[in-house]
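Student: Task: produce atomic coordinates for the following.
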Amino acid sequence: MGTATAGQSGYTGAARTPATWRNWAGNVSAAPARVVTPTSVGELQEAVRRAAEDGLKVKAVGTGHSFTAAAATDGVLIRPQALTGIRAVDRTAGTVTVAAGTVLKDLNQALAKEGLSLTNMGDIMEQTVSGATSTGTHGTGRDSASLSAQIRGLELVTADGRLLTCSEKENPEVFAAARLGIGALGILTSITLAVEPLFFLTAREEPMPFDRVTAEFDEHFAENEHFEFYWFPHTGNCNTKRNNRSQGPAAPPGAVAAWVEDELLSNGVFQAVNSLGRAVPAAVPGIARIASRALSARTYTDIPYKVFTSPRRVRFVEMEYALPRERVVGALRELKTTVDGSDLRVSFPVEVRTAPADDVALSTASGRETAYIAVHMYKGTPYEAYFTAAERIFTAHGGRPHWGKVHTRDAEYLAGVYPRFTEFTGLRDRLDPDRVFGNDYLRRVLGS
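Tutor: Numbering: from 1, shown residues only. Below you'll find the predicted structure:
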């Protein structure tokens, strides 16, 4: 959830004055009173107890890929990077138990060596497991859900320093909520995720006109295990991606082709054109038309994490809303009409993905078939007008904002779009009545 720039040693009980913490996008910062890097669960429990005694709030941060202030604090900042690695693999149960500070990239590489894989994941793997699940990180999938929905068990340090073990059978009411807890219920120390034998995915990427992909959206969704597309604002062009299981063998893009697509175009040239667009906004529509027409179709096969994820080094700010799946095409068309009829200049593609309904209390897909629309702006570019216009459309369709991405919704609104909202806040009242894990963001989205 964040990248701290100070205080890397283990907890000794001495207060330190760390430098300002900033997230990956640079739009959130905080000045914690002290930073603690526990090397054991016991040290983490002691850090929480001592913070409560000192009247300080406690937040845990990971690698900074949240765009909200969910992890910001002026109290005690917990860095979990010493709590990493796989603790256990249960091939019979089809699970892996991993320390909460483990980065998804490291987890995926370790699982592949074991001949195992997550079923689905998002499009980057730089987050910690705890940060990704706590904010609802997801990929796209017809049948396979978010990382939070893949959790089969977890350990949680509560506000009084206790360690709770949670699953469907043990502390099930906490398990139901803490799989996506926004850091409000406690600090995760380990997570047990469902895994399966390593498999292959064949990815088919293909440019497609906006009118065609939106008209055929339901068909593409039904025919593919994982379907997503990107619309280039100021154009009628999209790029589609269909990922489906195959027998293999691995046939990744050639080294040169992969470098051109993933490094040169998606990062190097993309960085340059966004910098140009920020300096000369009038150039953005022309750049978008050229960039969208430069895309070509390609097909490749590889193990899952190499297909699901891509390097993302161009920094941006993002808003994403989860809509009832049947409403997404209408909302996207409204967004296109709004952008086309305005002075907005948007250099980042708009991303559309899907997820099946799940049973996690505050999951953006909780209880309903879901589709997501994500809007982005290049770091340093004013985004408020664009995001305000997009948010107005998304909320009119009953949208639920991603917990880790920019939005302006509050507890009153969220209680109306989450049927199990009061179940979560009631559990929070029981586990953290003094709001040891509170901050301004949680006060806004969950209430006092």
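Student: Neighbours of A297, how many?
Tutor: 11 (other CB atoms under 10 Å). Glycine gets a C-beta too; all of them are placed from N, C-alpha and C.
Student: what bridges to the residue nearest to it when sequence neighbours are not counted?
Tutor: Excluding its sequence neighbours, the residue lying closest to A297 (CB to CB, 6 or more residues apart in numbering) is E206, at 4.4 Å. Legend: beta-bridge partners of E206 under DSSP bridges are T240.
Student: Just list the residues touching E206, thanks.
Tutor: N239, T240, R242, A297 (CB atoms under 8 Å, 6 or more residues apart in numbering).
Student: May I have the predicted confidence score for the most centrally placed residue in the chain?
Tutor: Nearest to the mean C-alpha position of the chain, counting by CA atoms, centre = their mean, stands T137 at 3.0 Å. pLDDT for T137: 97.
Student: Skipping adjacent residues, who's closest to it in space?
Tutor: G122 (4.7 Å).
Student: give the contact list for the one you found.
Tutor: Contacts of G122 (CB under 8 Å, 6+ apart): A132, T137, H138, G139, L147, F308, T309.
Student: That one and D160: what is the separation?
Tutor: 33 Å (CB to CB, to the nearest Å).
Student: Outline the domain layout of the chain.
Tutor: Per the record, the chain has its domains at 21-78, 86-197, 200-302+314-401, by automatic domain parsing.
Student: End to end on the last one, go ahead and measure it.
Tutor: Distance across domain 200-302+314-401, first residue to last, is 32 Å (CA to CA, to the nearest Å).
Student: now do stretch 300-319
Tutor: For stretch 300-319, the end-to-end distance is 30 Å (CA to CA).
Student: which parts of that stretch are buried?
Tutor: 300-309, 312, 314, 316-319 (16 or more other CB atoms under 10 Å).
Student: Can you name the element that comes right after the helix or strand bottoming out on mean pLDDT in the chain?
Tutor: Every helix and strand of the chain was ranked by mean pLDDT, DSSP states H and E. The lowest is helix 255-258, at a mean of 59. Later in the chain than helix 255-258, the nearest helix or strand by DSSP states H and E is helix 270-279.
Student: What is the distance between that next one and the centre of its chain?
Tutor: Relative to its parent chain, helix 270-279 has a centroid offset of 25 Å by CA atoms, centre = their mean, to the nearest Å.
Student: Ok, stretch 435-448 next?
Tutor: 20 Å.
Student: Then stretch 304-321?
Tutor: 9 Å.
Student: just to revisit the earlier point, and the contacts of E206 as a markdown table, adding pLDDT and distance to D410?
Tutor: Listed next are the contacts of E206 as a markdown table, based on pLDDT from 0 to 100; distance: CB to CB, whole Å:
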| residue | pLDDT | distance to D410 |
| --- | --- | --- |
| N239 | 94 | 35 |
| T240 | 97 | 35 |
| R242 | 98 | 38 |
| A297 | 90 | 44 |
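Student: Quick check: closest non-adjacent residue to G153.
Tutor: G153 sits nearest to T192 (CB to CB, 6+ apart), 3.6 Å away.
Student: Now do the same contact list for E216.
Tutor: By CB under 8 Å, 6+ apart, no residues touch E216.
Student: I misspoke; the intended subject was Y418.
Tutor: Y418 touches A361, L362, S366, R400, F424, counting by CB under 8 Å, 6+ apart.
Student: rerun that using 10 Å as the cut-off
Tutor: A361, L362, S363, T364, S366, G367, R400, F424, T425 (CB atoms under 10 Å, 6 or more residues apart in numbering).
Student: filter those to the buried ones?
Tutor: When the contacts of Y418 are checked against 16+ other CB under 10 Å, the ones flagged as buried are A361, L362, S363, T364, S366, R400, F424, T425.
Student: Redo those residues as a markdown table? Include distance to D54.
Tutor: Formatted as a markdown table, these follow (distance: CB to CB, whole Å):
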| residue | distance to D54 |
| --- | --- |
| A361 | 31 |
| L362 | 29 |
| S363 | 34 |
| T364 | 35 |
| S366 | 36 |
| R400 | 36 |
| F424 | 27 |
| T425 | 26 |
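Student: Just put those in a markdown table and tack on secondary structure and pLDDT.
Tutor: Shown next, in a markdown table, are the buried ones among the contacts of Y418 (DSSP: H, G, I helix; E, B strand; the rest coil; pLDDT from 0 to 100):
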| residue | secondary structure | pLDDT |
| --- | --- | --- |
| A361 | coil | 97 |
| L362 | coil | 98 |
| S363 | coil | 98 |
| T364 | coil | 98 |
| S366 | strand | 98 |
| R400 | strand | 98 |
| F424 | helix | 98 |
| T425 | helix | 98 |
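Student: follow-up on the earlier one: so which of the contacts of E206 would you say is closest to N274?
Tutor: N239 (16.9 Å; CB to CB).
Student: How about the contacts made by the closest one?
Tutor: With CB under 10 Å, 6+ apart, N239 has these contacts: 205-208, 213, 228-232, 292, 295-297, 349.
Student: circling back to that earlier point, pLDDT at the residue nearest to T137, what is it?
Tutor: So, for G122, pLDDT stands at 95.
Student: quick one on the thing from earlier: of the contacts of G122, which belong to strands?
Tutor: With DSSP state E as the criterion, strands contain none of the contacts of G122.
Student: Closest to T338 out of those?
Tutor: Out of these, the member with the shortest distance to T338 (by CB to CB) is H138, at 25.1 Å.
Student: Grab the nearest non-local neighbour of F210.
Tutor: G236 (4.6 Å).
Student: repeat for T158
Tutor: G186 (4.5 Å).
Student: That neighbour against I78, yeah?
Tutor: No. With contact defined as CB atoms under 10 Å, G186 does not reach I78; the gap is 11.1 Å.
Student: List the residues that are in contact with both of those two.
Tutor: Between them, G186 and I78 share the contacting residues V48, V58, A60, V157, judged by CB under 10 Å, 6+ apart.
Student: any chance of these in a markdown table, plus distance to T165?
Tutor: Below are the shared contacts of G186 and I78 laid out as a markdown table (distance: CB to CB, whole Å):
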| residue | distance to T165 |
| --- | --- |
| V48 | 17 |
| V58 | 20 |
| A60 | 18 |
| V157 | 11 |
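Student: Now intersect those with the helices, please.
Tutor: V48 (DSSP state H).
Student: which stretches of the stretch 1-150 of the chain form strands?
Tutor: All strands of the stretch 1-150 of the chain, identified by DSSP state E, counting those that start in this stretch, fall at 21-22, 29-30, 34-36, 58-60, 76-78, 86-90, 95-99, 116-117.
Student: distance between the third one and the chain's centre?
Tutor: Same thing as strand 34-36. 25 Å.
Student: Tell me the helices and strands packed up against that strand.
Tutor: helix 41-53, strand 76-78 (3 or more CB pairs under 10 Å, 6 or more residues apart in numbering; DSSP states H and E).
Student: Please verify my assumption that E334 contacts L323.
Tutor: No. Using CB under 10 Å, E334 makes no contact with L323, being 11.2 Å away.
Student: Quickly list what's touching both of these two.
Tutor: I393, F394, A396, H397.
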